[in-house]
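S.K.: From the sequence below, what's the structure:
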Amino acid sequence: MKKLLLLGDSIRLNYAPYVYRRLSDAAEVLSPEDNGRFAKYTLHELPGYLTTYGAPDVIHWNNGLWDLHHFDGAAPLTPLPEYLADLTRLARLLTATGARVLFATSTPLRPDNAEWDNAEIERYNAAATELMERLNIPVNDLHALVTGREWELLNDDKIHLNRLGIRRVGDAVVGRLAPLAV
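M.R.: Got it, this is the predicted structure:
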């Protein structure tokens with residue numbers, strides 16, 4: 001049975017149980033209980049994840065929303081060049097495990113969310129997608145799946161997936177992982 005490791009922020013925490021339920025008969029689905037937050041946090045925690053879970057066969061991973069958070073109206077937590085450098089380091093470490101790696105784009109937020117800017121999320125996603133293409137890492141475009149449906153798929157907190165959002169995004173993740181689980 002192949003081992004699938006889900007890494008990333010709280011959006012990943014939203015859909016991980018759904019993915020587990022859908023794929024647990026075909027693969028061992030693993031997901032840290034903690035929020036992977038921003039890319040540097042995932043980078044810092046990665047050795048522990050790999051020690052805890054062992055070498056995975058497939059890794060589905062994202063970071064971005066925390067990197068884009070504006071605390072007290074300041075600039076994003078992680079400027080774009082630094083974000084791309086962190087993603088590059090993570091991509092190299094993840095691929096060095098021998099696993100098939102997939103990167104997922106950051107989902108948009110409801111337009112009435114004052115903490116993030118969807119246009120900025122799109123810029124970071126575009127840069128991350130371009131980077132992943134250069135690194136030959138497939139991209140699961142979760143952003144495109146949710147865009148235009150934020151009011152339908154996100155909770156009242158304007159960030160996280162509601163039940164329908166979990167099902168829709170979870171199905172997209174399952175759709176990309178199921179063929180790799182055999």
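S.K.: going forward, measure contacts between C-alpha atoms and count neighbours the same way
M.R.: Noted.
S.K.: got the contact list for the residue sitting nearest the centre point of the chain?
M.R.: Geometric centre of the chain, nearest residue: residue 62, 2.4 Å, by Cα atoms, centre = their mean. For residue 62, the contact set (Cα atoms under 8 Å, 6 or more residues apart in numbering) comprises 7, 8, 9, 12, 103, 104, 105, 106.
S.K.: Helices - which of those residues land there?
M.R.: Using DSSP state H, the subset of these located in helices is residue 12.
S.K.: Make CSV from the contacts of residue 62 and add distance to residue 34 to it.
M.R.: Putting these into CSV (distance: Cα to Cα, whole Å) gives the following:
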residue, distance to residue 34
7, 10
8, 9
9, 8
12, 10
103, 19
104, 18
105, 19
106, 18
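S.K.: residues touching residue 105, list them.
M.R.: 62, 63, 64, 125, 128, 129, 139, 140, 141, 142, 143.
S.K.: ok, 10 Å please
M.R.: Residue 105 makes contact with 61-65, 121-122, 124-126, 128-129, 139-144, according to Cα atoms under 10 Å, 6 or more residues apart in numbering.
S.K.: Of those, which belong to helices?
M.R.: Reading helices off the contacts of residue 105 with DSSP H, I get 121, 122, 124, 125, 126, 128, 129, 142, 143, 144.
S.K.: burial count for the second one?
M.R.: For residue 122, the number of neighbouring residues by other Cα atoms under 10 Å comes to 17.
S.K.: Please tell me how far the residue lying closest to residue 11 once chain neighbours are set aside sits from residue 17.
M.R.: Nearest residue to residue 11 in three dimensions, chain neighbours excluded: residue 160, at 6.1 Å (Cα to Cα, 6 or more residues apart in numbering). Residue 160 sits 14 Å away from residue 17, going by Cα to Cα, to the nearest Å.
S.K.: returning to that earlier point: from residue 65, how far off is the residue nearest to residue 11?
M.R.: In terms of Cα to Cα, residue 160 sits 11 Å off from residue 65.
S.K.: re the thing from before, of the contacts of residue 105, select the buried ones using a PyMOL command.
M.R.: Selecting only the buried entries of the contacts of residue 105 in PyMOL, with 16 or more other Cα atoms under 10 Å as the criterion:
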select buried, resi 61+62+63+64+65+121+122+124+125+128+129+139+140+141+142+143
